[in-house]
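Q: Provided below for reference: sequence and predicted model.
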Amino acid sequence: MAKISEIKEKKSSLLSSGLIALTWTLLFFFLGSYLITESWTWGYRGKWTNINTYIPRQELIFTDAELSQYDGTDRTKPIYLAIDGDVYDVSQGAGWYGKGGSYHHFAGRDAARAYITGCFEDHLTHDVRGLTPDQLKGLDHWKKFYNSSHKYHKVGRVLHDPIPEDAPIPKPCKTAVGQKP
């Protein structure tokens, strides 16, 4: 019988030693990160450092009219924008997306076409018909930007009314903002 208790004692001793070693390793890892990069996460500022990534929430479903209520003009409501149907909370960027901000035209709507064409007057629509495959890759770039952002997080989806088949494709914009060189 003495041998069974010795085995249990060795197992618990091994487990506690392992936990202590793991604790010290994590402590040195994060302390080293802070001393070298002045950041606890070795300079990483992506999706996984946003606490909202870990909080389980029920996905919200919006209509276009409901989404328009979250455009930053009412300071008591969060600021939402949508891109290709996915809705993101951009309230931490209120200086850009809120009333008077340089990207306020994106708030409270799905303006997927404007992200690609750079036309912030006529193309503030989710209608991406007529865009080239390369332009649609650009749309994927923006979706990845919001999905992997440290500041912004996905809150739901917007359900758009179907685009009538006879609706004209938005005309090319003459006042589009050019890309950076």
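A: Okay, I see it. Numbers count the residues shown, from 1 in each chain.
Q: can you show me the helices along this protein?
A: 2-37, 64-67, 94-97, 112-117, 133-147 (DSSP state H).
Q: and those, which one is worst for confidence?
A: Note on these: lowest mean pLDDT is at helix 2-37, with a mean of 78.
Q: tell me which strands and helices the longest strand along the chain is in contact with?
A: As assigned by DSSP state E, the longest strand anywhere in the chain is strand 153-158. For strand 153-158, the helices and strands in contact under the criterion 3 or more C-beta pairs under 8 Å, 6 or more residues apart in numbering; DSSP states H and E are strand 60-62, strand 80-83, strand 86-89. All C-beta atoms are positioned from the backbone trio N, CA, C, and that covers glycine.
Q: just send those back as a markdown table, with mean neighbour count, distance to Val158 and mean pLDDT too.
A: Shown next, in a markdown table, are these (neighbours: other C-beta atoms under 10 Å; distance: least, C-beta to C-beta, whole Å; pLDDT from 0 to 100):
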| stretch | mean neighbour count | distance to Val158 | mean pLDDT |
| --- | --- | --- | --- |
| strand 60-62 | 16 | 4 | 95 |
| strand 80-83 | 26 | 5 | 95 |
| strand 86-89 | 21 | 5 | 95 |
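Q: ok so, going back, in TSV: the helices of the chain, plus mean neighbour count and distance to Asn52.
A: Output for the helices of the chain, formatted as TSV (neighbours: other C-beta atoms under 10 Å; distance: least, C-beta to C-beta, whole Å):
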stretch	mean neighbour count	distance to Asn52
helix 2-37	10	21
helix 64-67	15	19
helix 94-97	16	16
helix 112-117	23	22
helix 133-147	13	12
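Q: would JSON lines of these with distance to Pro162 be doable?
A: Below are those laid out as JSON lines (distance: least, C-beta to C-beta, whole Å):
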{"stretch": "helix 2-37", "distance to Pro162": "49"}
{"stretch": "helix 64-67", "distance to Pro162": "12"}
{"stretch": "helix 94-97", "distance to Pro162": "28"}
{"stretch": "helix 112-117", "distance to Pro162": "16"}
{"stretch": "helix 133-147", "distance to Pro162": "19"}
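Q: having no further points to raise, I will conclude here.
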